[in-house]
Each structure stands twice: as C-alpha cells, then as structure tokens.
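In: Just to be clear, the model below is a prediction. Sequence and coordinates:
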Amino acid sequence: MPDELDTSVFEQASRGDDRAIELLIERHLPALLGYLRLNADQLIRQKESCADVAQSVCREILEDMDDFVYKGEGAFLKWLFFRARIKLVDRHRYYHAARRDAAREIRASQLLTDARLGALYTSIFSPVKGAIAREAAERLESAFRQLPDNYREVIILSRLAGQSHAEIGRELDKSPENVRVLLHRALVRLGRIMNQERRG
C-alpha cells in the first residue's frame, strides 16, 4: 500500500493545488511504473526505459493541469493510467514512424531499485510485502504480455489500481462474482505461463 498522506493533501488536490497533485503522483509512482512495464511493447522497451517514460508522463501532467478535477484517489489513479496509455501509444507511433533500429541495446532498467515496485509486483499474486528478484519481475512482465486483454485489464484494475470486485464489475459491466472468477482465471493463467517460461 502506498505511504499514507495527510487528509489535507486530498483536500488541496481537490482545489487544484499543484504541490498536492505532485504528492499524489509521487504516491502512485510505483503503480505507474508497474503499469508502464506491463504495457510497454518490445520496441518501446528497446528504445527507452519505462522510468524515462514515467518521468515524461508526470512532467506532462504537471504542466497541463488546467482541465484536471480531483475526484478521489481511484479516479486519480485511473486518470494516471489513461495518461500513461496515451504516452505509450505516442511513443509506439513515434518509433514506428521513425523506423529506428529496433536492435539497439536495451538500457539497463533502474525501476526495481524502488522496493515499492517490487512489493507491488509481489502483490499481483499475494498481499505479502517484499522485494521481487529482477529475473522474476522480467518473467512476470513477459508472461503478462501473453495474456488476453480482458485478463490483463482485470489484473491491472485489481492489483495495480486496487479496485474492489464491485468497482471493477461496474467498470466492466460484470457482477462482482464474475469479476472474482475472471481475476482467478487470469492469475492462474499468468502463473502457468511464468512456470512454463521458468522451466523452458
């Protein structure tokens, strides 16, 4: 779970205070990094680190706060992921349009220096906190990209955005029970793919 913030931060964010919104972005940076790592395609990952993409997303958000209205942490995190998705689409188009060499050496990732991101990845399978090894994180990311879209979405909403089955159900137009079953199947499939890759 992210570090606790004083309730005044949320009140200030709801009034559009830039510093409060910056604190909220910092609070959810591990989730943003996790979202980017799980959703960036191979071409983007070869060209730049997800940490650089996250910095770009945060910079653009802070520079373009005119139309932002704070409506609670769940909505804020959903908006953060929306902005990250737009950035990934933009970066994908840029690299494909430029036809740059996709075989360039991949930059060493620095994301897992943040223990909170490791704990976040660990929470995909278990609420237990703890760091996850780099190779296990890479295996998880690789397996995640092999899942169907609906499995990826329910895992992100549940484990990264922290939404309840009922909240996810409202978003996906499913009952909480159907969400629970879908999430269970998604996690089982993810674990199966990871085990196959580990043995392979």
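Out: That came in fine, so what should we check first? Residues are numbered from 1 along each chain as shown.
In: mind checking which helix or strand of this protein has the lowest mean pLDDT?
Out: Here the helix or strand of the chain ranked lowest by mean pLDDT, DSSP states H and E is helix 115-122, holding a mean of 62.
In: which residue is nearest the centroid of this structure?
Out: Centroid-nearest residue in the chain, with CA atoms, centre = their mean: Tyr35, separated by 1.6 Å.
In: Regarding Leu147, what is its secondary structure?
Out: Here Leu147 takes the coil state, with states given by DSSP: H, G, I helix; E, B strand; the rest coil.
In: Could you give the average pLDDT over the one helix or strand Arg59 maps to?
Out: If you go by DSSP states H and E, Arg59 is part of helix 50-63. Confidence for helix 50-63, expressed as mean pLDDT, is 87.
In: tell me which residues of that helix are tucked away?
Out: For helix 50-63, the neighbour count (16 or more other CB atoms under 10 Å) marks 50-51, 53-54, 57-58, 61 as buried. Any C-beta I mention is one placed from the backbone N, CA and C, and that applies to glycine too.
In: And stretch 61-79, by the same measure?
Out: Under 16+ other CB under 10 Å, the buried positions of stretch 61-79 are 61, 70, 73, 76-78.
In: and the residue nearest to Phe144 when sequence neighbours are not counted, what does it touch?
Out: Of all residues not flanking Phe144 in the chain, Leu38 sits nearest, at 4.9 Å (CB to CB, 6 or more residues apart in numbering). By CB atoms under 8 Å, 6 or more residues apart in numbering, Leu38 lies in contact with 141, 144-145, 152, 156, 160.
In: I'd like the next helix or strand past the strand or helix carrying Leu38.
Out: Following DSSP H and E, one finds Leu38 within helix 29-39. Under the assignment DSSP H and E, the closest C-terminal helix or strand after helix 29-39 is helix 42-47.
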